[in-house]
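[1] Generate a structure from the sequence data that follows.
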Amino acid sequence: MAGLQAHTPQPTALTLHQGRRLLDIAFDDGSAFSLPCEYLRVYSPSAEVRGHGNPVLQVGKRNVNIVAIEPVGNYAVKLVFDDGHDSGLYSWDWLFELGRDQPQLWQAYLDQLAAHGGSRDPSDSSSRDPQD
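    Numbering: from 1, shown residues only. I've put the predicted structure just below:
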């Protein structure tokens, strides 16, 4: 995930649409993706979210937004979210994978929420712990 694999397309454009809570990213192979901020937040590559072999289900992130994008070398960006999360480095590899696999990954997340009684809504998620 960290770093850049030789076969990964290079980004050619990265555009944040805060009003729509979307990050558009285009790659030099012609692929382009519109990734919701919520999706990027729940699939953060940070240790806080990914855990140490045991991912932590993220709940209540429906309205999360990105407030800053910081470049990290030539291989990644750091996304700063309005809920205070800012520890994940999104490599070009990871962003490409998130775009390419978005339908399957999003459904997997929704399935996990349902299985654990979690919610995408902040008001619903504060009353229950999906890890129970």
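[2] and the residue positioned nearest the centre of the chain, what pLDDT?
    Geometric centre of the chain, nearest residue: L40, 1.6 Å, by CA atoms, centre = their mean. For L40, the model assigns a pLDDT of 98.
[3] Pretty sure it sits against L98.
    Yes. Counting by CB atoms under 8 Å, L40 does reach L98; the two are 7.0 Å apart. Glycine gets a C-beta too; all of them are placed from N, C-alpha and C.
[4] before we move on, the earlier item: in which helix or strand would I find the residue nearest to the centre of the chain?
    Element membership for L40 (DSSP states H and E) is helix 37-42.
[5] Buried residues in the very next helix or strand once past that helix, which are they?
    Next along the chain after helix 37-42, taking DSSP H and E as the criterion, comes helix 47-50. Within helix 47-50, the residues that count as buried by 16 or more other CB atoms under 10 Å are V49.
[6] For the lengthiest helix in the chain, name the packing helices and strands.
    When the chain is parsed with DSSP state H, its longest helix is helix 102-116. Counting contacts by 3 or more CB pairs under 8 Å, 6 or more residues apart in numbering; DSSP states H and E, helix 102-116 packs against helix 37-42.
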